[in-house]
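In: Pasting a predicted model and its sequence here:
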Amino acid sequence: MYAASTFILKTTSTCNLRCSYCYMFQQVDRSFEQQPHVMPLAVVDSAARAIADYCAKFHQPKALIVFHGGEPTLAGRNWFRHALEVFRRLMPSGCATRFALQTNGVSLDDSWLNLCAELEISISVSLDGPPSIHDARRFTAAGQGSYREAAAAIERIQRHPGMSRLFGGTLCVVNPDDDGRSIYRHFRSLGITQMDFLLPVEANWDHPPSRFVSPTPFADYLIPIFDEWWSENNPEVHVAYFDSLLRLLVGSRVHSDSLGGDPLTMVVVDSNGSIEPVDSLRSCGNGFTQLGLFVQRDPIERAFQQPAFQQALAGQEGLCHTCRKCELRDVCGGGYLPSRFSTHSGFDNPSIYCPDLTKLIQHVVEACSQQVAALV
Amino acid sequence: MHLETIAAPTVEQPIVELSTKLQQLRRLKTQPQAQPSSRHLTSALQAARQEPAGMKADVSYIFIGIILPSPPGLN
């Protein structure tokens, strides 16, 4: 049985930003147009019941409930109070349940932080770099950049006595037009010690990122960040992607949907109650993630029988021939699932980022090997 | 053209040296006396060595933008 432990609630299907790369609102999938802007409380109740029933039935020792969007804070604080009350009441006592919120930070004032601290909800904030970079991609419908609000939210979190331990850090979407090292330095200048960098989910074999001169533009962005982080040698500074790479290289297994190749452990519940697989698969086609299953009437585990889930469940068994014989497959895991997609052959391909992943991993291996050489 | 052939040159070349380095890195897990000077690598090794055999590490998760704080004491 598929051991789902992460449940993404699409708290809202609306946003106060119009980020240029958003897979929810700016790409091929238009399913948000049919969804309620905010998940109705009755759907929250059904989702909590379905998730709790699943965790009890399959004796899940832990669960993570993620409030995602859209922009989840648009649901309002009372929505969150209701959701936390219902989940805490229904989740089985033997299942350690944590809560997390991914936000653009625009609405994140002290009253939100007080609430999240009280309810013990971890917060991660999207930040793409300094104002010139962030504002060019993360802006309102009127074209107003959102850096000032996002940076202020981060500073507020860092100063909040109850929130600093619940800060999950920042998330930056990689864009090879930028200088990765200067972005990393900017984050460090803001005192950020937990961060991650994500490869854009919109790129796949149907839509390759072909406008770059370098054959490995994403590795060329990430490697200087790795070098800076590596030479800083501060164990308090975490770049989640690099932490995971290192752990995989020394033989650890890491839960991740973009590295390692273990079967995915997540289920998405859309704002209308629709049970769906990895929601970034929306970038593969309009309605791609919709299974016709709903928490109001279907048990969570019914989704796992659906073909759309099977690829995510397959893990390394589902990798293409090229990946299966590659010696880096235990590390990259074939890359992020949406990045393998093509209309021609589904997910039976290497990642569109394969050259970048290979170059980056080889670089990390080389850095580590210099350490190993000194030990043996 | 089959899509696999597009990426194949990158990953199908024999990389004997890389293979050796990968094996050396994985062996570090079973060599508790090995203490690299990189504190990042040391953290990764500590996590791997604490991991029960056959179990997945309870470390940072990454998925569509969520980064969770690592459990206390891991790093």
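Out: Structure received. Since we're looking at a predicted model, the values are computed, not measured.
In: What segments of the stretch 251-376 of chain A are strands?
Out: Ranges of strands in the stretch 251-376 of chain A, per DSSP state E, counting those that start in this stretch, are A:266-269, A:275-276.
In: The shortest one packs against which elements?
Out: Just to be clear, that refers to strand A:275-276. strand A:266-269 (3 or more Cβ pairs under 8 Å, 6 or more residues apart in numbering or on different chains; DSSP states H and E). To be clear about C-beta, it is placed using only N, CA and C from the backbone, and glycine gets the same treatment.
In: Do the strand it packs on and chain B come into contact?
Out: Yes. Strand A:266-269 is in contact with chain B by Cβ under 8 Å from any Cβ of the partner chain, via A:M266.
In: In CSV: the strands of the stretch 251-376 of chain A, plus mean neighbour count.
Out: As requested, the strands of the stretch 251-376 of chain A are exported to CSV (neighbours: other Cβ atoms under 10 Å in any protein chain shown):
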stretch, mean neighbour count
strand A:266-269, 25
strand A:275-276, 26
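In: Throw those strands into TSV and include mean pLDDT, thanks.
Out: Converted to TSV, the strands of the stretch 251-376 of chain A look like this (pLDDT from 0 to 100):
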stretch	mean pLDDT
strand A:266-269	91
strand A:275-276	92
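In: A:I51 is nearest to which of the ones you listed?
Out: strand A:266-269 (7.8 Å; Cβ to Cβ).
In: distance between the ends of stretch A:198-218?
Out: This stretch, stretch A:198-218, spans 10 Å end to end (Cα to Cα, to the nearest Å).
In: Give the buried residues for the least confident helix or strand in chain A by mean pLDDT.
Out: Lowest by mean pLDDT, DSSP states H and E among the helices and strands of chain A is helix A:307-314, with a mean of 74. Residues of helix A:307-314 classed as buried by neighbour count (16 or more other Cβ atoms under 10 Å in any protein chain shown): A:308-309, A:311-314.
In: go on, stretch A:81-89?
Out: By 16+ other Cβ under 10 Å, the buried positions in stretch A:81-89 come out as A:82-84, A:86-87.
In: got any ranges where chain B has weak pLDDT?
Out: Within chain B, the segments meeting pLDDT under 70 span B:1-16, B:52-75.
In: Contacts for stretch A:353-371 next, please.
Out: With contact meaning Cβ atoms under 8 Å, 6 or more residues apart in numbering or on different chains, stretch A:353-371 is reached by A:199, A:203, A:215-219, A:222-223, A:226-227, A:230, A:242, A:245-246, A:249, A:328, A:331-332, A:335-336, A:339, A:351, B:7, B:10-11, B:15, B:18, B:21-22, B:24-25, B:36-38, B:41.
In: Could you single out the nearest of the buried residues of helix A:307-314 to chain B?
Out: Nearest to chain B out of those is A:A312 (Cβ to the nearest Cβ; 11.2 Å).
In: Chain neighbours aside, what residue packs nearest to A:I154?
Out: A:V125 (5.5 Å; Cβ to Cβ, 6 or more residues apart in numbering or on different chains).
In: Secondary structure element for the one you found, which one?
Out: strand A:121-126 (DSSP states H and E).
In: What is the neighbour count of the nearest residue to A:G260 once chain neighbours are set aside?
Out: If the residues on either side of it in the chain are set aside, A:G260 comes closest to A:G333, at 4.4 Å by Cβ to Cβ, 6+ apart. Counted by other Cβ atoms under 10 Å in any protein chain shown, the residues lying close to A:G333 total 24.
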